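[1] whatever this is, show me its structure:
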Amino acid sequence: FEEPPADPSAPLWAHRQLLLLRQFRQVVDWWIDNRQIETGEMGGGLGDDTDMVQNWPAIALLDGPSEKIRDSVRRVLEACYAQRLIVNGMNRNRTDALHAYEEGMNAYGPAFLLDYGNPVLFERMMETASHYPRLTGINAAGHRHFRSDQYSATDLVEEGYHAREDIYSHLILHPGLYAAWYNGAPAVKDLLKEFADSLLAHWQTESYPNLAKAIFFADDRVAGRSTPNTETYNLVWGLYDLDRDAKYLWLLREAVRTGDISRAGAVNGPWLIDFPDIAATLAAEVRRRNIHDHNLQTDQAGLVARVLAWQASGDLKLIEDAHAALVKHMAQNMYLYTEAEQFTDRIWIPTLSLQRERLGGVAHYRNYIYPGHAVSWEETGGEVAALVPAARSDYLRLIVFNAADHARRVRVRVWRLDNGRYEVTAREENGAVLSSRTLRLKRYSPVELDLPSKKTVVVEFRQLERGVPL
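    Residues are numbered from 1 along each chain as shown. This is a model prediction of the structure:
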């Protein structure tokens, strides 16, 4: 492998980030152009084609909306309806929790992120959430748990071994969590909190990471323990993010306390804000995880650790190291991602670290059920690199480099800022002010940025007045 020569006028992190954007897009374009047919299918069966398109939102949000990518996700989802895999917001055929989710409910989130506010997609998510009172209940211990791990749109098995929840049961909460994120959905949010509170009641009597996963509904008996999956981390993080109730940080705190950064790194949002003294722990994780001698498709923890450590320390060499390994991996494995035509549910494009650095958090990844990104990008032409070193609900900081030979106007959308009034200031690295203005912003508001050629610009959003929460 030989890395393409860098433009001497570009920072190394910017050069490599732009290489990665092109490599990731190459994979998506190949599958859409060569495998997706007019029905929306990609050849793996829709239950696995829906897994494939979990990769798509990140690629579009990283570098600008693409009708091609948005249409691809929507066609897969509509095929699930056309073939009646999903009826009334649920899987038509009774199956286990994981495969029920993969019958089309897992495609709602990706489609909604690429068509934000679409009322048909939102209605479908609410339709799924309307099944939660049937699929869960309050048991004799006063806990809300799933009644079964085998169910459909019309029935569920409440006898014997299947009368319980298992480690994949939480996936189906994805549509409801998105509904709560989008507009507050109080009835849905209250049910999700009851569920999370019941998990916490078990966990706080146990020892991390061996936490209850298989819980029988009738008698609250725990039949199995393990480290929770990524969807569970993002479920409780999402509830914390919605109301800032500190009890929902318990799982993340335990992961950090025990040094389990690989699991903590699965939380989509910018959680370092709540852990100001974590730099040494992240540095140790970076030293422990070698990213230059293993398969980065199936283990991105070392890449994510480097981005988190950069956010905690400001050391750009950590970003450059992650980029170097990932650019090489994508170049050497491009055949496996494309023309080798692996089964559709085996393609996991390793975007987690790049999403965290360029979007400020993970917008979406397979089984990551709550959006954590702070920004998305549009009109960049593949020539604008960006980093998000800080993202709060009242403050946002971006570092942007325009690699083009000409000035460029780009659009950034803000996703985590409170509804309110903001001062938006753009400065060159030397501190010279390029522009300063006052804007009213809320989630998904577009902000135009004028970027000079071959220069790094720092953009800050500071809240002046908080408006009514959306």
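
[2] got phi/psi on Val412?
    Phi and psi for Val412, reported as degrees, to the nearest 10, are phi -120, psi 140.

[3] what about it, how many residues nearby?
    Using other C-beta atoms under 10 Å, the number of residues around Val412 comes to 25. Just so you know, the C-beta spots here come from the backbone N, C-alpha and C atoms, and that holds for glycine as well.

[4] for the one 3 residues further on, same thing?
    Burial of Trp415, expressed as a neighbour count using other C-beta under 10 Å, amounts to 24.

[5] please apply the same query to the one 5 residues further on.
    The tally of other residues near Gly420 (other C-beta under 10 Å) stands at 18.

[6] that one pairs with what?
    Leu441, Arg466 (DSSP bridges).

[7] quick check: it vs Pro270, distance?
    As for Gly420, its distance to Pro270 is 18 Å (criterion: C-beta to C-beta, to the nearest Å).

[8] what does Lys455 give?
    26 Å.

[9] do the same with Thr298
    For Thr298, the distance to Pro270 - C-beta to C-beta - is 25 Å.

[10] equivalent analysis for Ala432, please.
    For Ala432 relative to Pro270 (C-beta to C-beta), the value is 28 Å.

[11] for Ser66, give me the pLDDT.
    At Ser66, the pLDDT value in this model is 86.

[12] leaving out chain neighbours, which residue sits closest to it?
    Nearest non-adjacent residue to Ser66, counting by C-beta to C-beta, 6 or more residues apart in numbering: Ala60, 5.0 Å away.

[13] quick check: the one you found touching Ile69?
    Yes - proximity of Ala60 to Ile69 meets the contact threshold set by C-beta atoms under 8 Å, at 4.5 Å.

[14] who touches both of the two?
    Common neighbours of Ala60 and Ile69 (criterion: C-beta atoms under 8 Å, 6 or more residues apart in numbering): Leu114.

[15] who has more neighbours out of Lys455 and Pro270?
    Neighbour comparison, Lys455 and Pro270: the larger count goes to Pro270, with 25 against 15 (by other C-beta under 10 Å).

[16] phi, psi for the more buried one please.
    Here is the backbone geometry of Pro270 (degrees, to the nearest 10): phi -80, psi 70.

[17] so how far is Pro110 from the most centrally placed residue in the chain?
    Geometric centre of the chain, nearest residue: His364, 2.8 Å, by C-alpha atoms, centre = their mean. Distance, His364 to Pro110, using C-beta to C-beta: 6 Å.

[18] any shared contact partners between those two?
    Overlap of the contact sets of His364 and Pro110 (by C-beta under 8 Å, 6+ apart) consists of 54, 57.

[19] Val375 contacts Val400, doesn't it?
    No - in terms of C-beta under 8 Å, Val375 does not count as a neighbour of Val400; the distance is 10.4 Å.

[20] joint contacts of the two?
    Each of Ala386 lies in contact with both Val375 and Val400 under the rule C-beta under 8 Å, 6+ apart.

[21] residue contacts, the residue nearest to Tyr81 when sequence neighbours are not counted?
    Distances taken as C-beta to C-beta, 6+ apart put Gly104 closest to Tyr81, at 7.0 Å, once the chain neighbours are dropped. Gly104 makes contacts with 46, 50, 77, 80-81, 85-86, 91, as judged by C-beta under 8 Å, 6+ apart.

[22] out of those residues, which are inside helices?
    Using DSSP state H, 46, 50, 77, 80-81 are the members of the contacts of Gly104 that sit in helices.

[23] filter those residues down to the buried ones, PyMOL style.
    Only the buried entries of the ones in helices among the contacts of Gly104 go into this PyMOL selection, using 16 or more other C-beta atoms under 10 Å:
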select buried, resi 46+50+77+80
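
[24] would you turn the ones in helices among the contacts of Gly104 into TSV with pLDDT and distance to Trp415?
    Converted to TSV, the ones in helices among the contacts of Gly104 look like this (pLDDT from 0 to 100; distance: C-beta to C-beta, whole Å):
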residue	pLDDT	distance to Trp415
Leu46	97	29
Thr50	98	24
Leu77	98	22
Cys80	98	27
Tyr81	98	28
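
[25] of the ones in helices among the contacts of Gly104, which is the nearest to His15?
    Thr50 (34.8 Å; C-beta to C-beta).
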